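Trainee: The following block contains a protein sequence and its predicted model.
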Amino acid sequence: MNLFSSFEPSSLFNFSLNWLSTLLILIFIPPMFWLIPSRMQMLWINITMILHKEFKILLNSPLKGSTLIFISLFAFILFNNFLGLFPYIFTSTSHMVLTLSLAFPLWLSFMIYGWTQNTTHMLAHLVPQGTPPVLMPFMVCIETISNIIRPGTLAIRLSANMIAGHLLLTLLGNTGPSMNIWMLVMLIFTQILLLTLETAVSIIQSYVFAVLSTLYSSEVT
């Protein structure tokens with residue numbers, strides 16, 4: 001057992017059963033429709049509408065339903081982040097395998113569409129407006145590198161934030177047995193505050209991932 005053992009998916013018959021935690025979102029869908037309109041359904045409709053209005057402004061696309069993929073992405077990451085805070089539930093978004101699998105296909109599809117359909121527009125993006133002629137070759141290199149590392153930064157940002165909070169909770173929790181009663185009370189209070197912070201981080205990181213993906217897609221149109 002080591003510090004990172006909580007992030008290792010256990011395997012049975014060479015199949016990592018912990019990855020099935022990404023499907024736990026399906027358990028929460030049927031209860032939304034037991035009573036219509038239920039509180040959960042109304043809450044989710046409000047969240048969806050707020051995100052739709054915001055993403056529609058960022059995308060600036062005339063196509064109807066163009067925001068649905070980013071709202072679905074937000075929902076998938078949000079549920080995985082949030083469920084990872086519960087005991088004995090595997091946090092799949094703390095692994096680069098999942099986060100890079102979400103970020104890379106999106107970025108690649110944006111690049112293929114941009115360079116095939118709007119080549120002049122993509123070339124113009126390599127040199128920001130108002131750049132001095134002397135700096136133009138350097139700006140092209142910098143913009144190209146920043147464009148290439150985008151899926152990596154998206155994936156690392158999400159997984160690093162998930163790992164950092166869980167490690168801090170694990171480290172503090174492991175010191176509990178060696179403490180006296182008063183220090184234990186303080187530890188539990190600190191753990192509750194950290195858990196509240198991690199709940200906020202799980203929401204913020206899913207929102208950041210979806211918004212950045214939306215911004216990247218708006219640049220290629």
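Mentor: Nice, I can see it.
Trainee: where exactly do the strands run in the chain?
Mentor: Counting by DSSP state E, one finds strands in the chain at the ranges 11-12, 15-16.
Trainee: Would you single out the least confident of the ones you listed?
Mentor: Among the strands of the chain, strand 11-12 has the lowest mean pLDDT, at a mean of 53.
Trainee: hey, which helix is longest across the protein?
Mentor: helix 181-219 (DSSP state H).
Trainee: Buried residues in that one, which are they?
Mentor: 194, 198, 201-202, 205-206, 208-214, 216-217 (16 or more other CB atoms under 10 Å). For glycine as for every other residue, the C-beta is placed from the backbone atoms N, C-alpha and C.
Trainee: And it, how far out from the chain middle?
Mentor: 11 Å (CA atoms, centre = their mean, to the nearest Å).
Trainee: Now do that helix, average pLDDT.
Mentor: For helix 181-219, the mean per-residue pLDDT is 91.
Trainee: just stretch 67-79 next, same as before
Mentor: Per-residue pLDDT over stretch 67-79 has a mean of 92.
Trainee: Output it in CSV with nothing but the alpha carbons.
Mentor: Once non-C-alpha atoms are left out, stretch 67-79 reads as follows in CSV (Å, rounded to 0.1, in the frame of the first residue of the first chain):
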residue,chain,number,x,y,z
THR,A,67,-24.1,23.4,-27.5
LEU,A,68,-25.4,20.0,-26.6
ILE,A,69,-22.1,18.2,-26.9
PHE,A,70,-20.4,20.6,-24.5
ILE,A,71,-23.3,20.4,-22.0
SER,A,72,-23.1,16.6,-22.2
LEU,A,73,-19.3,16.8,-21.7
PHE,A,74,-19.9,19.1,-18.6
ALA,A,75,-22.5,16.6,-17.2
PHE,A,76,-20.2,13.6,-17.7
ILE,A,77,-17.2,15.2,-16.0
LEU,A,78,-19.3,16.7,-13.2
PHE,A,79,-20.9,13.4,-12.2
